[in-house]
Every structure is written in structure tokens, then in C-alpha cells.
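In: With the sequence up front, the predicted model follows.
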Amino acid sequence: MAEQTRAAVEDVQKAARAWDQDQLECRMYGHSWRPMSARRDHAVNLIKAVYECYRCGTERHQELNGRTGHVYAQWYVYGPDYLMKGLGRITGDGRDVLRLETITRTFNVKRGKLDPHSKATKEAIDTPSNVTPIAQAS
Ligand SMILES: [Zn+2]
């Protein structure tokens, strides 16, 4: 498998703002599959199945053993706007950017006092150096 580069935080930020709500949700929560079609070849015990994402239209294709259900191969067919060429894999800080964009766009985030539930959250907000603005994150 070809090595994939990590997406730069600034690039994820730019891309996330350009994605429509469906694309953003699929990247954040994963695709939401519905079964489209399946075909079986009894001679070789092979089933080919196709699923489609409700939100973004991406297709998931599978070739599987018609007797055991074991998946031999799986691949995706994306719509023209889904993949950002050269963006790289969205991990770590990039996932944070994606989460923030999704939450601020999806919810009507209300202002108000919050009591941290966990010790980790309390420690993080009590230590200003732990709260690094995304633009300064490396
Ligand atoms: Zn999707």
C-alpha cells in the first residue's frame, strides 16, 4: 500500500470549510451505508455487493465468499468533490479541526457556564499552555 502523507492542519481547515454539510458529516462520523445491489455466482461461490452512502453518494463495493461471508476485497467509488487531491490523511490535530467545524456548523452552540465532568478536562482548562490555538499547533 502506498504511504499516505498527513494532512496539514491549515489544509484541513480550508477543506473543511469548503465541504458541504453531508461531506463534513461523512468525514466526521463515517459513511451511512444502505444496500443497493448484490449478485451471486454459484459456480465460484462469489457475491458482489454494492452499498451507497445516504449522505454523500459514495459507493462501497465488496467481493465476498458466497458460503462464509468472508470479504475478499473492498473498495470505494467517490463522487467528484469528495476526495481532496494531495490533502493527505486526516489525523490528530486535523481530526480536531474537523470535529470543531462539524460541531460549530451542526449545533446552535449556546453560551453558558459549564462544569467540567472529568479530571482531564479540568486539568486542561486550568493549564492555559495546554489550550493551544489551532493556528499555532504544529
Ligand atoms: Zn458518505
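Out: Structure received. Residues are numbered from 1 along each chain as shown.

In: Around the ion, pick out the residues from this protein.
Out: C26, H31, C53, R55, C56, T58 (C-beta under 5 Å from the ion). Heads up, the C-betas are built off the backbone N, CA and C, glycines and all.

In: Throw those into a markdown table and include pLDDT, thanks.
Out: Output for these, formatted as a markdown table (pLDDT from 0 to 100):
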| residue | pLDDT |
| --- | --- |
| C26 | 90 |
| H31 | 93 |
| C53 | 94 |
| R55 | 90 |
| C56 | 88 |
| T58 | 92 |
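
In: Pick out the most distant pair among those.
Out: R55 and T58 (8.6 Å; C-beta to C-beta).

In: Overlap in contacts, these two.
Out: Counting by C-beta atoms under 8 Å, 6 or more residues apart in numbering, the residues touching both R55 and T58 are C26, H31.

In: which one of those two has more residues nearby?
Out: T58 (19 against 16; other C-beta atoms under 10 Å).
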